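Participant: Sequence first, predicted model second:
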Number of protein chains: 2
Amino acid sequence: GDPGAGRKKAIQCQTCHGLDGLSRIPEAPNLAGQPEIYLRKALTDYKTGARRNEMMSVVAPSLSEADIDDLASYFSSIRIEVTPP
Amino acid sequence: GDPGAGRKKAIQCQTCHGLDGLSRIPEAPNLAGQPEIYLRKALTDYKTGARRNEMMSVVAPSLSEADIDDLASYFSSIRIEVTPP
């Protein structure tokens, strides 16, 4: 996937997931720094219906395989650092 | 949930998700800093079978509601910072 193209396509994700990949609503996960393989599978599963969610099941079916690759590439390219509690 | 109790219970999660909530394998997501509500739903869905995964569908059914609350509380309490690409 192309992270630059993914960033542009991520406009449609930002209300819930943030363009920086940090969740804006409690029901949505952070996507920043998630493994690319995990993100690709999540989007593919929402597209096929293997995984279901009120919002994602509406959005994902319109994504092409290239869209999924680009989005997974973009969000996985965001670096995260953690501070244990 | 009790994040301290969750940390102890998270021992069983660490091979794939890291005790710090950072994924150790490409198929597993980071859990650090995920919204508590999201994590609670993910574990509950794996427990009930609404969501399926080779590993999680084996592990989640044995978790009690208190286990789920504690684990969600622990992983959500880890702070994350992001650096855009």
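Facilitator: Arrived safely.

Participant: Now do the residue nearest to the spatial centre of chain A against B:G6, distance only.
Facilitator: Centroid-nearest residue in chain A: A:L31, 5.4 Å away (criterion: CA atoms, centre = their mean). Distance, A:L31 to B:G6, using CB to CB, to the nearest Å: 23 Å. Every residue, glycine included, has its C-beta placed from N, CA and C.

Participant: One more: A:P3?
Facilitator: The value you get for A:P3 to B:G6, if CB to CB is used, is 33 Å.

Participant: Between these two, which has more neighbouring residues?
Facilitator: B:G6 (24 against 18; other CB atoms under 10 Å in any protein chain shown).

Participant: Which residues are in contact with the more buried one?
Facilitator: Shown in contact with B:G6 (CB atoms under 8 Å, 6 or more residues apart in numbering or on different chains): B:D70, B:L71, B:A72, B:S73, B:Y74, B:F75.

Participant: which among the residues you listed gets closest to B:E27?
Facilitator: Using CB to CB, B:F75 is the member of those that sits closest to B:E27, with 17.3 Å.

Participant: That closest one and A:E54: what is the separation?
Facilitator: Going from B:F75 to A:E54 by CB to CB gives 23 Å.

Participant: When these two are compared, which one has more neighbours?
Facilitator: Neighbour count, other CB under 10 Å: between B:F75 and A:E54, B:F75 has more, with 29 against 7.

Participant: Okay, and that one sits in which element?
Facilitator: Taking DSSP states H and E as the criterion, B:F75 maps to helix B:65-76.

Participant: which outside residues touch that helix?
Facilitator: Under the criterion CB under 8 Å, 6+ apart, residues A:85, B:1-7, B:9-10, B:13, B:17, B:21, B:31-37, B:39-40, B:43-44, B:47, B:63 lie in contact with helix B:65-76.

Participant: measure the most far-flung residue of chain A relative to its centre to A:A5 for me?
Facilitator: No residue in chain A sits farther from the centre than A:P85, which is 25.9 Å out by CA atoms, centre = their mean. As judged by CB to CB, A:P85 and A:A5 stand 37 Å apart.

Participant: Got a PyMOL select line for the buried ones in the contacts of helix B:65-76?
Facilitator: Here is the PyMOL selection string for the buried members of the contacts of helix B:65-76, based on 16 or more other CB atoms under 10 Å in any protein chain shown:
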select buried, chain B and resi 1+3+5+6+7+9+10+13+17+21+31+32+33+34+35+36+39+40+43+44+47+63
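
Participant: Get me the contact residues on chain A for chain B.
Facilitator: A:3, A:20-23, A:25-30, A:32-38, A:41, A:50-52, A:74, A:77-85 (CB under 8 Å from any CB of the partner chain).
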